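A.B. asks: Any chance you could fold what I've pasted below:
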Amino acid sequence: MADEPGRHAVLIAAHHYLEILLREPGALPGATALAQARAVGVFTGEHEAFWAAARKARGDAAGTRALVEVLLLHRHLDRDDVLAGISAALSVGSASADVVAVEARKAAGQRGSAPPVAGLPGGAPRVVSLTERRLAALPAGERPLPSVAAYDQLLGRESS
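C.D. replies: Predicted structure coming up:
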């Protein structure tokens with residue numbers, strides 16, 4: 001089997017180059033490490049689908065950076081949880097590494113392998129936007145709107 005790493009072959013681990021690929025995303029498509037990761041099944045169809053969606057949404061460089069951010073999640077989260085996060089993000093049409101991270105943490109929390117992130121609804125079937133979460137946590141505004149009267153005076157106008 002010529003494609004299988006032999007006794008004296010060098011297998012390049014892609015995870016050693018991820019920080020470099022954030023700065024130089026154009027190096028990933030032709031990288032030996034990517035070819036090897038594909039050959040051994042570490043770089044899955046889910047990764048490919050996310051990468052394609054991210055490149056379509058953001059262009060090649062920014063889309064590849066988004067993929068690299070997702071690959072960095074594998075350092076801290078279980079492979080199955082990251083793949084579940086990718087699937088959840090793609091199911092709602094998102095190619096955001098942040099959405100993948102949130103969904104991967106939710107998957108880990110549901111499996112019991114990681115503590116759930118505070119503030120996330122347990123078992124919610126939809127992706128919760130970070131903006132929505134922040135707004136829900138803010139108290140109702142009771143302060144008056146700011147006045148621009150001082151600026152009007154500077155311009156020689158009366159306040160409106």
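A.B. asks: C-alpha from now on. contacts and neighbour counts both.
C.D. replies: Will do.
A.B. asks: Mind checking the pLDDT average for the one helix or strand Gln153 maps to?
C.D. replies: Using DSSP states H and E, Gln153 sits in helix 149-154. Averaging pLDDT along helix 149-154 yields 81.
A.B. asks: could I get that helix in PDB with only the CA atoms?
C.D. replies: Extracted C-alpha coordinates of helix 149-154, given in PDB (Å, rounded to 0.1, in the frame of the first residue of the first chain):
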ATOM      1  CA  ALA A 149     -27.900  70.500  22.800                       C
ATOM      2  CA  ALA A 150     -24.300  71.300  23.700                       C
ATOM      3  CA  TYR A 151     -23.200  70.500  20.100                       C
ATOM      4  CA  ASP A 152     -26.000  72.600  18.700                       C
ATOM      5  CA  GLN A 153     -24.700  75.500  20.800                       C
ATOM      6  CA  LEU A 154     -21.200  75.000  19.400                       C
END
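A.B. asks: name the helices or strands packed onto that helix?
C.D. replies: Using 3 or more C-alpha pairs under 8 Å, 6 or more residues apart in numbering; DSSP states H and E as the contact definition, helix 149-154 packs against no other helix or strand.
A.B. asks: remind me which residues of this protein are low pLDDT?
C.D. replies: 1-17, 22, 113-141, 157-160 (pLDDT under 70).
A.B. asks: show me where it has helices.
C.D. replies: 18-23, 32-39, 45-58, 60-73, 79-91, 97-111, 130-137, 149-154 (DSSP state H).
A.B. asks: Same list (those) but as a markdown table, adding mean neighbour count and distance to Arg143.
C.D. replies: Listed next are the helices of the chain as a markdown table, based on neighbours: other C-alpha atoms under 10 Å; distance: least, C-alpha to C-alpha, whole Å:
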| stretch | mean neighbour count | distance to Arg143 |
| --- | --- | --- |
| helix 18-23 | 16 | 43 |
| helix 32-39 | 16 | 54 |
| helix 45-58 | 17 | 39 |
| helix 60-73 | 21 | 39 |
| helix 79-91 | 21 | 37 |
| helix 97-111 | 22 | 32 |
| helix 130-137 | 10 | 16 |
| helix 149-154 | 12 | 17 |
